[in-house]
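*Asks:* Model the following, please.
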Amino acid sequence: MNEDMGFASVRHRVPCAAIIVAALLLVPPPAAAQDGGAGDNLETSIRGPLQQRLAMAYPASFREGVEIFWEPRDGWVSEEVLSWWLSRLPDEDLGGVTQEAAEEMFSRISAQAPVFDVRGERVLCAVVGPSRNLLESRYGDLIDAHDLVIRINRAPTDNFETDVGTKTTHHVVWPRPLVEGQYDREAVLLMTPVATNIEEVFDRILELVVGSWEWNLERVRIIHPEFVKYIHENWTGGRKQYPSTGFVAVMLALHVCDEVDVFGFGADVLGRWDRYYEDDAVDASGFHPSDFEGRLREEMETKGILKVFQGNRGGSDRESSASEDRR
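*Replies:* Here you go, the predicted structure:
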């Protein structure tokens, strides 16, 4: 990280701990990776039992010290990260990824409030996607029982409360339009700048959060491109352009929470992404390795890393082991 380029560094890194290094060397890479305690201080990302399990199950993928959030004082991205980022973009988007544009964005985003503000011995997180498998699931109360509820992109709750809940503490999005009712301004907005077909990405972020959405800028954070690169290379094996926003949200939760439950993920019977709030379904396989991400989520569940609730497309979700019963 180049700390002499303007914007000294506030660290939100994947945590370090030498205590399990020997154990890591004894664990072979998992099949999916071969195919391709947080406690109450999440700001420092002290490695807890979940992160230990993740590192031990996936030693070839888990990396210590990677930046999670990009703060104003972190400076411009490294040459390695910049090269990876630009290689993901079409020619017309390249001119907008500049240090000057990033500095302008960070001059407006103050990053004073904490990203996470949770008190408790264990932090239980729900990551809620948009799949239609949420309909008639009646997961609403279960989702809202989590300490942190992380929603993705368009995430309306009105008229869907019984199935998706009402609580949103964090909202992970790429710079895309959202209309009123698809987001909660009281949540912390976590924006990934790694996206295609956006010619001036930093200007677009400001246009959305300041203009269209009128978000409290103290509650806006930028997900570090280094973290997205880390997920793309270490966890999805460099497949497709870059990981989906949903998978970025899942991996973020796995690096800061004590337990992670995943809701609203999974394609329809034709392999398309469908959404609980609309009838259309889309094929997102061109940009994102969605099939691989799905297999990796399933594998992580078998290893006890996270739990996937399949809604109307699954069998029993073993409700007795749900987060509200594990406190």
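*Asks:* low-confidence ranges in the stretch 201-327 of the chain?
*Replies:* The stretch 201-327 of the chain contains residues with pLDDT under 70 at 268-271, 281, 283-287, 313-327.
*Asks:* can you give me the strands for it?
*Replies:* Applying DSSP state E, counting those that start in this stretch to the stretch 201-327 of the chain gives strands spanning 220-223, 259-263, 273-274, 281-282, 307-309.
*Asks:* Give me the nearest residue to the spatially most central residue of the chain, chain neighbours excluded.
*Replies:* For the chain, the residue nearest the mean C-alpha position is residue 249 (1.5 Å; C-alpha atoms, centre = their mean). Leaving aside its chain neighbours, residue 249 sits nearest to residue 172 (4.2 Å; criterion: C-beta to C-beta, 6 or more residues apart in numbering). For every residue, glycine as well, the C-beta is placed using N, CA and C.
*Asks:* From residue 292, how far out is that neighbour?
*Replies:* Going from residue 172 to residue 292 by C-beta to C-beta, to the nearest Å gives 19 Å.
*Asks:* Between those two, which is the more surrounded one?
*Replies:* More crowded of residue 172 and residue 292, by other C-beta atoms under 10 Å: residue 172, with 25 against 19.
*Asks:* how close does that one sit to residue 146?
*Replies:* Counting by C-beta to C-beta - residue 172 and residue 146 are separated by 15 Å.
*Asks:* Pretty sure residue 167 sits against residue 149.
*Replies:* Yes. Contact criterion C-beta atoms under 8 Å: residue 167 and residue 149 qualify, at 4.6 Å.
*Asks:* what do the two both touch?
*Replies:* Common contacts of residue 167 and residue 149, defined by C-beta atoms under 8 Å, 6 or more residues apart in numbering, comprise residue 143.
*Asks:* Please identify which of these two sits among more neighbours.
*Replies:* Applying other C-beta under 10 Å to residue 167 and residue 149 shows that residue 149 carries more neighbours, namely 27 against 20.
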